[in-house]
Every structure is written in C-alpha cells, then in structure tokens.
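Novice: Predicted model follows, preceded by the sequence.
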2 protein chains.
Amino acid sequence: MTTDWEKDWYKEHDKMYVATDCIIFGFDKGILKLLVFKRRVAPQKGAYSLIGSFVQLKESVTEAAKRVLTEITGLENVFMEELRTYNLAERDPGYRCISVAQYALISIDAQDKELVESHGAEWHDIRQLPALVLDHNDMVNDALKRLREKASYQPVGFELLPDKFTIPQLQQLYEAIYQKEIDPRNFRKKIMSFDILTRLDEKDKSTSKRGAYLYSFNSRQKLNFNTKFNI
Amino acid sequence: MTTDWEKDWYKEHDKMYVATDCIIFGFDKGILKLLVFKRRVAPQKGAYSLIGSFVQLKESVTEAAKRVLTEITGLENVFMEELRTYNLAERDPGYRCISVAQYALISIDAQDKELVESHGAEWHDIRQLPALVLDHNDMVNDALKRLREKASYQPVGFELLPDKFTIPQLQQLYEAIYQKEIDPRNFRKKIMSFDILTRLDEKDKSTSKRGAYLYSFNSRQKLNFNTKFNI
DNA sequence: TATAATAAATGTATTTTATACATTAATTAT
DNA sequence: ATAATTAATGTATAAAATACATTTATTATA
C-alpha cells in the first residue's frame, strides 16, 4: 500500500503517548456521582484520578476506554461518548501525552461492587469531588457541561437508572444533572409527551405508602433529534 | 517531578502519530464551501484531502491546526473547534495514527487567495465534494452535522460572513447550512430578537436596486446559552 | 376500623414562542 | 413617468412552556 519512501515521510514526524480517561457518572439515592480512583502506582501514587489507560497500538481509543471500564466495573455495553481531547504540550509533566476524554453513564446497581472496590475506585458526590491529578478536574467539569447541554435537546441519562424506575426518580436525576428543582407536573407532562416510557404493572413502595409506578425505557429510535427538551 | 521509575512506567507503553485535520468551511455567493487540497506529496499524491498536519512534540493539537491553517490561508484568529478524534487502529494504512479533527469557519474574502492557490487548495461546494483520502469524507459529514446541531441552539456561522453583511445574506447562509428554505419574515424577526446585530448606515446594492442595509455582529457575550434557535 | 400521614398523580389557565402567509417600500433602468 | 426588482414589514393562529393546588392510594397507628 505505502512505499518505503512514504514510510520515511511518516518517520520524519513525532510520536507521542495517547491516553484515554473516563468520566464515569452514576446516580445513587438522588445524587449524581463520579467514579474516581486512588492511584496505587506511580506516578502520583495516592492521588485521586479518573480511570484511564494508555492506548495500545493494536486498539482504537474507544476500545481502550471500554477495556479499562470493563476491567474496573465488570460492565460491558456501557453508554460512552467522546468528550474532547486534552492536548496541551505541557499537560503531563512526564512525557508528551494527549488524552482523549470520554464520558460514560452507568447504572450503579449493575456494577460489580467488589471489583470496583478491589481496584481502589470510589463513587464521589459530583458536588464534592477531591482534587484530581493533571487536568482531570477540567475533564469532569467539561463532561458535566456536556451532559447538561445534551439533556437540553434530547432525553438523556436513562443509562444512569436501573431498568425499572419511577417518574419521581427520573425527575430526581434531572434535578441532579441541572442542579435545580423542577415542577413535578410539568416534568411528568413533558417526559410523557415523548412516548419513550412504558408503565409496568409494578409499584415501588420504598419511598411512599401509595407507591409509584415503575416504568421502563422504550428504544429511543423514534426520538426526533430536534426535540426541544427544556425542563 | 517524575522519578526514573515513573519514566520507565511510561516507556512500557506505545507511542503513535497524532495528526490534526481541518474541516474548513467558507461561504461564497450563497454556497457553503469546503477547502480541500490536492496532495502534492506522497502518500496518495494527487488525491484530495483535508488540510492537516502531524502534531509536533512541542505544540498542542490546537496549535498544530492553527499553524497549518495560517500557512495555507494566511489567516490568524480563526474560529476553530474540535470535532472529535478518528482513532480506529487501522484507519491509516501507513502507520498507527490518530487524527483530531477540527472544524473552522472562515470568511472567504478575508483569505489570502494566492497563498491558498499556491498550496493547491480549492474551494468546493459542500454538496459536490470529491472523494477524499482515508476517513476525511466522514470528518466532513460529521462536521456538517455538528454545524447544524450547533446552529439549532445558538446563532452560529457569523465567522463565515464578511464583517458587514445583509440580513438576506445571513438568511442565505442559514439556508445553506440547513439546506432548506426559510421564511424571510420569520427569519428576520428571530435574528433581530437576539439583539446581536447593529444596523449600519450603509447599504449593499449589489443584488437589488433598493439595496439592503449592512449589519455588523455584536459581541456574542450577551447570548443566553439556552436560547432556542429553531429557524 | 377510622384517622392521620405521606408521597404520587393529575389539570387548567396564562404567557411565550413558532409558524403561516401577502403587501408595501426604495431604488434603478428604461 | 413607469416598470422591474429585491428589501422590509405585520398579524393571526397554533404550539409549547410555565405557573400553580388539589385529589388519590396506601400504610401506620389511635
């Protein structure tokens, strides 16, 4: 395919490390959380960081992120989307390394809790995060911003809930994403208008005597991209 | 900062080439255009590609993109935003190389036309693009999609117009971005409601006897992010 | 077994925004 | 003076967002 001449042309240029870091969101008891881990190896042993990995030559960046995510949470087929690259020449004091940040939404109760703990990973309230290494706090802030933007024009975040959830739980999730209160009548009306939820014949009575109906999420295929979703 | 032990830890991992490719949009005579260039060197000499460069160790990805953009168009301070990475292990048949795609919006009449031509770069109607090398056509399609999304929730694309422009020109731009006709009464009403344009005491009479008032764009600071911009 | 307590569920009126649509105005060329 | 041409404008209707209070189902307990 390429001639030797062409390969030489490539070789004139610089190579660098490419990493990927995962901003992993979860939602538990009304609180939006982030999975961070306490580094057990150098560099920066003992410091908090996002979960990440160097990208290997044989794998795509996406594959690298999924590899590390599965390794730590036991989950596969997780919703994950590229956020952006962090690419300043001096961002990593060790070597030149760019990082492709990706954010993931996972259902906390689907995770392999022991596996997570065995890797030194911890769930932290998004409003009270520790200082993270390098530019990882920037990544988290940018990911949160992206999540809010995305939620403003399409239903989002169902990946953060268990398979069966109640409308009040879904509302709590939106309140956690936006960090503001939402009117329950308007919220329900809006969500229902999208026709993406199926009401089950089951109730969750853990938070009220009356109980709230459980719903499951329909495939999102029918969603019109231009749907306005201002809540 | 880092110990030798830590440096060894880095060195266990793979390095790769990091490139950046620019999806450069322009707007000329009512037509949305893309700047592509005919490669004068291997690999793929003679083929069309986006304008791009390998990222050097001493520069950020953003700097690399601006370097090549200035080199080819003579422009500085161009609007440019990261689109996403293209990172499949097998995307480049030569060597492992990921590309950070960035899209730029430039005012065609501000470019250095001769410089552009001297680099073999050409403006092509976005609706009739030639086949581009590697995954560059994907990049263009994704960038167009992003541009449309962005335009749906905030005024965008003023960078594609000269400093002074008329409302009909601005409408043409939106029609080119969305590839559909827009009602001129509703368009004007909507644009004016944002309070981002200043009417000048000058008219452009190149397209009508009556002439259309020229406007300039106010700083976008006052824009509310949540502004709905469905046209 | 009646009552209190509690969160879930619902409806309506008002305001804002989007959409659809046709005429008049300013200017130049003839 | 008139014809030709694009720019500029307004209004009525439909759809969506917002603000707001009461009833319902259920359990615990008096």
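Specialist: Thanks, I have the structure now.

Novice: List the strands paired with the longest strand belonging to chain A, with their directions.
Specialist: Assignment by DSSP state E gives strand A:15-28 as the longest strand of chain A. Note on strand A:15-28: by DSSP bridges, its sheet partners are strand A:31-38 (antiparallel), strand A:51-54 (antiparallel), strand A:97-105 (parallel), strand B:15-28 (antiparallel).

Novice: pLDDT score for A:Asp195?
Specialist: On the pLDDT scale, A:Asp195 is placed at 89.

Novice: actually A:Glu81, not the one I wrote
Specialist: 98.

Novice: Give me the neighbour count for it.
Specialist: By the criterion of other Cβ atoms under 10 Å in any protein chain shown, A:Glu81 has 14 neighbours. Yep, even glycine has a C-beta here, placed from its N, CA and C like the rest.

Novice: what bridges to the spatially most central residue of chain A?
Specialist: What sits nearest the mean C-alpha location of chain A, by Cα atoms, centre = their mean, is A:Ala104, with 2.3 Å. A:Ala104 forms beta bridges with A:Ile24, A:Met80, as assigned by DSSP bridges.

Novice: I figured it hits A:Asn77, correct?
Specialist: No. Contact criterion Cβ atoms under 8 Å: A:Ala104 and A:Asn77 do not qualify, at 11.0 Å.

Novice: which element is A:Gln169 on?
Specialist: helix A:167-178 (DSSP states H and E).

Novice: Off-centre distance for the helix of greatest length in chain A?
Specialist: Determined from DSSP state H, the single longest helix within chain A is helix A:136-153. Helix A:136-153 sits 10 Å away from the centroid of its parent chain (Cα atoms, centre = their mean, to the nearest Å).

Novice: Could you do stretch A:176-192 as well?
Specialist: Offset of stretch A:176-192 from its chain centre (Cα atoms, centre = their mean): 21 Å.

Novice: what's the span of it from first residue to last?
Specialist: 20 Å (Cα to Cα, to the nearest Å).

Novice: Spell out the secondary structure type for the residue nearest to A:His119 when sequence neighbours are not counted.
Specialist: Among residues not flanking A:His119 along the chain, A:Ile72 sits closest, at 4.8 Å (Cβ to Cβ, 6 or more residues apart in numbering or on different chains). Look at A:Ile72: counting by DSSP: H, G, I helix; E, B strand; the rest coil, its state is helix.

Novice: can you count the residues close to A:Ile72?
Specialist: A:Ile72 has 21 neighbours, counted by other Cβ under 10 Å.

Novice: can you check the one 4 residues further on too?
Specialist: A count of nearby residues for A:Glu76, using other Cβ under 10 Å, gives 8.

Novice: quick one: it from A:Ile106, how far?
Specialist: In this view, A:Glu76 and A:Ile106 are 11 Å apart by Cβ to Cβ, to the nearest Å.

Novice: same deal with A:Gly74?
Specialist: Taking Cβ to Cβ as the measure, A:Gly74 and A:Ile106 are separated by 10 Å.

Novice: With neighbour numbers in mind, choose between these two.
Specialist: A:Ile106 (21 against 14).

Novice: Does the more buried one touch A:Glu159 like I think?
Specialist: Yes. A:Ile106 is within contact range of A:Glu159, at 6.7 Å (criterion: Cβ under 8 Å).

Novice: got any residues that touch both of these two?
Specialist: Here A:Ile106 and A:Glu159 have A:Val78, A:Phe79 as joint contacts, going by Cβ atoms under 8 Å, 6 or more residues apart in numbering or on different chains.

Novice: quick one: contacts for the closest residue to A:Tyr213 other than its chain neighbours?
Specialist: Using Cβ to Cβ, 6+ apart and skipping residues adjacent in sequence, the residue nearest A:Tyr213 is A:Arg199, 5.3 Å away. Listed by Cβ under 8 Å, 6+ apart, the contact partners of A:Arg199 are A:Tyr213, A:Leu214, A:Tyr215.

Novice: With respect to DNA strand C, which of the residues you listed is nearest?
Specialist: The closest of the contacts of A:Arg199 to DNA strand C turns out to be A:Tyr213 (Cβ to the nearest atom of the strand; 3.7 Å).

Novice: Give the full set of residues in contact with that closest one.
Specialist: A:Tyr213 touches A:Thr166, A:Ile167, A:Arg199, A:Leu200, A:Glu202, A:Lys203, A:Asp204, counting by Cβ under 8 Å, 6+ apart.

Novice: what about the fifth one, helix or strand, and which?
Specialist: Following DSSP H and E, one finds A:Glu202 within strand A:197-204.

Novice: Can you give the distance of that strand from its chain's centre?
Specialist: Its chain's C-alpha centre and that of strand A:197-204 lie 26 Å apart, by Cα atoms, centre = their mean.

Novice: follow-up on the earlier one: ok, the residue nearest to A:His119 touching A:Ala121?
Specialist: Yes. At 5.6 Å, A:Ile72 and A:Ala121 qualify as touching, with contact defined as Cβ under 8 Å.

Novice: Common neighbours of those two, please.
Specialist: A:Leu35, A:Phe37, A:Ile51.

Novice: residues near the first one, how many?
Specialist: It stands for A:Leu35. The burial count for A:Leu35: 24, using other Cβ under 10 Å.

Novice: Equivalent analysis for the last one, please.
Specialist: The tally of other residues near A:Ile51 (other Cβ under 10 Å) stands at 23.

Novice: can you redo the shared contacts of A:Ile72 and A:Ala121 as a markdown table with distance to A:Ala110 and pLDDT?
Specialist: Shown next, in a markdown table, are the shared contacts of A:Ile72 and A:Ala121 (distance: Cβ to Cβ, whole Å; pLDDT from 0 to 100):
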| residue | distance to A:Ala110 | pLDDT |
| --- | --- | --- |
| A:Leu35 | 13 | 98 |
| A:Phe37 | 19 | 92 |
| A:Ile51 | 17 | 97 |
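
Novice: Take these and lay them out in a markdown table including distance to DNA strand C.
Specialist: A markdown table is the format used below for the shared contacts of A:Ile72 and A:Ala121 (distance: Cβ to the nearest atom of the strand, whole Å):
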| residue | distance to DNA strand C |
| --- | --- |
| A:Leu35 | 27 |
| A:Phe37 | 33 |
| A:Ile51 | 33 |
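
Novice: now the angle from the longest strand of chain A to helix A:136-153?
Specialist: Taking axes from the mean of the first three to the mean of the last three Cα atoms, to 10 degrees, strand A:15-28 and helix A:136-153 form an angle of 60 degrees between their directions.
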